[in-house]
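1. coords please:
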Amino acid sequence: MTETQSDPALEELLCFDLYAAQHAFGRLYKPLLGPLDLTYPQYLVMRTLWAGAPQSVGEIGKRLKLETNTLTPLLKRLEAQGRVSRSRDPVDERRVVVTLTEAGAALEAEARDIPNRIAAATGLSAPEIRELQERLRRLTASITAVS
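-> Numbering: from 1, shown residues only. Alright, predicted model coming up:
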């Protein structure tokens, strides 16, 4: 059990540190993704598809922890850019399947070094990164369980 204060200062709130870290990552990604004409959420969708396409909208949403109403506009923009195509599953018309286009698949080579550049910018070693990820995953699971 941790100590609690009745009114902690902003700098003492864990959520503030996570918020600040999220914004720092956003600033770090922006110049790397700008030349690829990708936003960070679009990059996450593309990484999901590069790991294995085609995938249904539901599968992508589950992996990225995004609701369909958030994911659909991202996919529409990627489709308008010619990077993905969306089609109804012929077996189950309720499912929309997302496939990489040739241009979307080719973009992977241009984005290949981004994770290494981000990791280097953190100043953390590979074991420190893995430990932090594990702690964040446990934190997310705990918060999800009570919310």
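2. Phi and psi next, for the residue most central in space within the chain.
-> Geometric centre of the chain, nearest residue: Leu44, 3.9 Å, by CA atoms, centre = their mean. Main-chain dihedrals, Leu44, degrees, to the nearest 10: phi -60, psi -40.
3. per-residue pLDDT, it?
-> pLDDT recorded at Leu44 is 97.
4. Also Arg130?
-> Reported pLDDT for Arg130: 97.
5. Now for it, how many residues are close by?
-> 11 (other CB atoms under 10 Å). Every C-beta, even on glycine, is put in place using the N, C-alpha and C of the backbone.
6. ok, so what distance separates it from Gln81?
-> 33 Å (CB to CB, to the nearest Å).
7. What of His23?
-> 25 Å.
8. Thr101 is in contact with Gly82, isn't it?
-> Yes - counting by CB atoms under 8 Å, Gly82 is a contact partner of Thr101 at 5.8 Å.
9. more crowded one of these two?
-> Legend: neighbour count by other CB under 10 Å for Thr101 and Gly82, higher for Thr101 (16 against 11).
10. So which of His23 and Gln81 has more stuff around it?
-> For the pair His23 and Gln81, the greater number of neighbours falls to Gln81 (15 against 10), based on other CB under 10 Å.
11. Chain neighbours aside, what residue packs nearest to that one?
-> Asp37 (6.7 Å; CB to CB, 6 or more residues apart in numbering).
12. What of Val84?
-> The nearest residue in space to Val84 (CB to CB, 6+ apart) is Leu78, at 4.6 Å.
13. Could you pull up the residues touching that neighbour?
-> Leu78 makes contact with 42, 45-46, 84, 104 under the criterion CB atoms under 8 Å, 6 or more residues apart in numbering.
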